[in-house]
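Trainee: Sequence and predicted structure below; questions after.
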Amino acid sequence: MTSRRGFTLLEMSITLAVLLIASGLVVPALVDFGQTPARRTAGALLELLTTARHIAIDSNVAVTVVLDPKTGRYRADSTGLVGSGPVGEGEVAFDGLEELVTESARLTWRFRPDGGAFGDTVVVRGQEGSLVLSVDHWNGVARTDAQ
């Protein structure tokens, strides 16, 4: 009987497969680790406004986003030479631990085909702090700043 040293290719392959499966389960959980409810809500709003800006530039139409700060429901409409109509509608999900603070009954942002924009500024307030979400009027880029 001969003694063997090391691992076989099969043993190493099985070990690698188990590690890959385990990391596939852990990595998505770590991506949101440390994300507070206010940051998640602000991130969802940033994604919505960034998408509206890209649609306005790519389609050469103005895109208006209207959001109800109490429910998170929004509607995006396009107007311009190419056509007009709904771009999309949906809801920004709140965790219940944050709120959108504004004096307006509805928040409105309008993105122009040249990249510019105008719209409301809103505070996303959570238990851990607040973030101010605003849109740059010159280039239409939405951003958040800690308050």
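Mentor: Received the coordinates, thanks.
Trainee: and after the worst-scoring helix or strand of the chain on mean pLDDT, which helix or strand comes next?
Mentor: Here the helix or strand of the chain ranked lowest by mean pLDDT, DSSP states H and E is helix 9-31, holding a mean of 78. Counting by DSSP states H and E, the next helix or strand C-terminal to helix 9-31 is helix 37-59.
Trainee: Parallel or antiparallel, which strands does the next helix or strand after that next one pair with?
Mentor: Counting by DSSP H and E, the element after helix 37-59 in chain order, helix or strand, is strand 62-67. Strands adjacent to strand 62-67 in the sheet, as given by DSSP bridges, are strand 73-79 (antiparallel), strand 107-111 (antiparallel).
Trainee: between strand 62-67 and helix 37-59, how big is the angle?
Mentor: Angle of strand 62-67 versus helix 37-59, following axes from the mean of the first three to the mean of the last three C-alpha atoms, to 10 degrees, is 160 degrees.
Trainee: roughly how far is strand 62-67 from the heart of the chain?
Mentor: Chain-centre distance of strand 62-67: 16 Å, with C-alpha atoms, centre = their mean, to the nearest Å.
Trainee: what pLDDT, on average, does that strand get?
Mentor: For strand 62-67, mean pLDDT is 92.
Trainee: check contacts around residue 134.
Mentor: By C-beta atoms under 8 Å, 6 or more residues apart in numbering, the contact list for residue 134 reads 121, 142-145. Placement of C-beta: from N, CA and C, glycine included.
Trainee: now those: which count as buried?
Mentor: 142, 144 (16 or more other C-beta atoms under 10 Å).
Trainee: Go through the contacts of residue 134 and name the one nearest residue 41.
Mentor: Relative to residue 41, the closest of the contacts of residue 134 is residue 144; by C-beta to C-beta it sits at 10.1 Å.
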